[in-house]
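Chemist: Structure for the following, please:
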Amino acid sequence: MSTTSTTTTPVSILGLGLMGTALASALIKAGHPTTVWNRTAAKTGPLAALGATPADTAGGAIEASPLVIVCLTTNDNVRTLLAPETAALAGRTLVNLTNGTPSQARELASWAEAHGIAYIDGGIMAVPQMIATPGAYILYSGTDENAFETHRPTLQALADTKWVGKDPGAAALYDLSLLTGMYGMVMGVVQAYALIGTGGVPAREFAPLLREWVNAMTDGLVPGMAEALDSGQHLTDVSSLEINQAALPNFLAAYAEAGVSDELFKPLQGLLDRSITAGHSADGLSRLATLLKQS
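Modeler: Residues are numbered from 1 along each chain as shown. From the prediction side, this is the model:
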């Protein structure tokens, strides 16, 4: 990822939390005239010191640039903030980097289109400290791919750009799916540290083993499960659902004996039981993904 872009398009940033501040800083460093606004005006001070132009109002920030990036806490806040600013936004490109659901993104896209606003939804796959560094990327989607391509050189100053389709909800869907995988992994790591800690093992001592194990498992598990799901071939000779159903009570018993809560893992028992009842005892864990679909 390049931290500089080929143009110096003016950009306005609305919302200066940790992520919004990181985005604005990256744009300033890349040479873009950057206007910033935040409901708490004091947050514009450090960015002004870097060269940003503070705006007194959201409308003033919007009018300063053809490209407007919003990064707030929730999409409800986005609608509340932007609803009075439709006239200012008309003819501009709005990039919404606020975390939300696919349906929220589609609703915002419809609202924007009705007011002559080019809307791009985005999902940031990075923490603030990773912005403008290798490995960070942002997912984008929306009906106006031309608007995205026009501003792609500017957006590249923030992180690598990944276009995932013309469905405005696609970026949010990818974002939440990737984060789901992350949270599942984190919860497993949290549970592992809680359990090993009851034996007096320092977390730092256990960490190399845990990291090596998790990496080894995910390297094969992620692509292997994808192949099983796309092909519909879930039979396995590695670790069947029947074996996992029989093994899980041992985990739950060990947690109880150690005084560790089983609330993160206990729900898995019901899902495994349901998989066996449905006749999938010889299948691998990939089958569980199909059982999670409610329709």
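Chemist: Please identify the buried residues of whatever helix or strand A192 lives in?
Modeler: Secondary structure from DSSP states H and E places A192 in helix 170-197. Within helix 170-197, the residues scored as buried using 16 or more other CB atoms under 10 Å are A170, A171, A172, L173, Y174, D175, Q191, A192, A194, L195, I196. For the C-beta atoms, the positions are set from N, CA and C on the backbone; glycine is no exception.
Chemist: Likewise for stretch 211-231?
Modeler: Going by neighbour count (16+ other CB under 10 Å), the buried part of stretch 211-231 is M225, A228.
Chemist: returning to that earlier point: closest one to A253 out of the buried residues of helix 170-197, please.
Modeler: L195 (11.9 Å; CB to CB).
Chemist: Tell me how many other residues surround the residue nearest to T98 when sequence neighbours are not counted.
Modeler: Nearest residue to T98, sequence neighbours excluded (CB to CB, 6 or more residues apart in numbering): L72, at 4.8 Å. When counting by other CB atoms under 10 Å, one arrives at 25 neighbours for L72.
Chemist: which non-adjacent residue is nearest the spatially most central residue of the chain?
Modeler: Centroid-nearest residue in the chain: D175, 3.7 Å away (criterion: CA atoms, centre = their mean). Excluding the flanking residues, the one nearest D175 by CB to CB, 6+ apart is G123, at 2.7 Å.
Chemist: which ones are touching that neighbour?
Modeler: For G123, the contact set (CB atoms under 8 Å, 6 or more residues apart in numbering) comprises L97, N99, I138, L139, A171, A172, Y174, D175, L176, L178.
Chemist: Which member of the buried residues of helix 170-197 is positioned nearest P128?
Modeler: D175 (15.8 Å).
Chemist: Identify the residues contacting the closest one.
Modeler: With CB under 8 Å, 6+ apart, D175 has these contacts: N99, G123, I124, M125, L139.
Chemist: ok, now G224?
Modeler: G224 touches S286, counting by CB under 8 Å, 6+ apart.
Chemist: Strands along the chain, start to end?
Modeler: 11-14, 34-37, 53-54, 67-70, 93-96, 118-125, 137-141, 160-163 (DSSP state E).
Chemist: Select, out of the ones you listed, the one closest to S239.
Modeler: Once those are compared by CB to CB, strand 118-125 is nearest, at 29.6 Å.
Chemist: Which positions in stretch 100-117 come out as buried?
Modeler: G100, P102, Q104, A105, R106, E107, L108, A109, W111, A112, H115, I117.
Chemist: Look up the pLDDT of the last one for me, please.
Modeler: At I117 the predicted local distance difference test score is 98.
Chemist: which residue sits closest to it in space, ignoring its chain neighbours?
Modeler: With CB to CB, 6+ apart as the criterion, I117 has its nearest non-adjacent residue at 4.7 Å, and that residue is L89.
Chemist: Quick one: the helices in this structure, in order.
Modeler: For the chain, the helices defined by DSSP state H occupy 18-29, 45-50, 58-63, 75-82, 86-89, 102-114, 145-155, 170-197, 203-231, 241-258, 266-277, 287-291.
Chemist: could you redo those helices as JSON lines and give each row distance to N38 and mean pLDDT?
Modeler: Shown next, in JSON lines, are those (distance: least, CB to CB, whole Å; pLDDT from 0 to 100):
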{"stretch": "helix 18-29", "distance to N38": "7", "mean pLDDT": "98"}
{"stretch": "helix 45-50", "distance to N38": "9", "mean pLDDT": "97"}
{"stretch": "helix 58-63", "distance to N38": "9", "mean pLDDT": "98"}
{"stretch": "helix 75-82", "distance to N38": "11", "mean pLDDT": "94"}
{"stretch": "helix 86-89", "distance to N38": "17", "mean pLDDT": "97"}
{"stretch": "helix 102-114", "distance to N38": "20", "mean pLDDT": "97"}
{"stretch": "helix 145-155", "distance to N38": "21", "mean pLDDT": "97"}
{"stretch": "helix 170-197", "distance to N38": "23", "mean pLDDT": "97"}
{"stretch": "helix 203-231", "distance to N38": "37", "mean pLDDT": "96"}
{"stretch": "helix 241-258", "distance to N38": "44", "mean pLDDT": "97"}
{"stretch": "helix 266-277", "distance to N38": "40", "mean pLDDT": "96"}
{"stretch": "helix 287-291", "distance to N38": "41", "mean pLDDT": "96"}
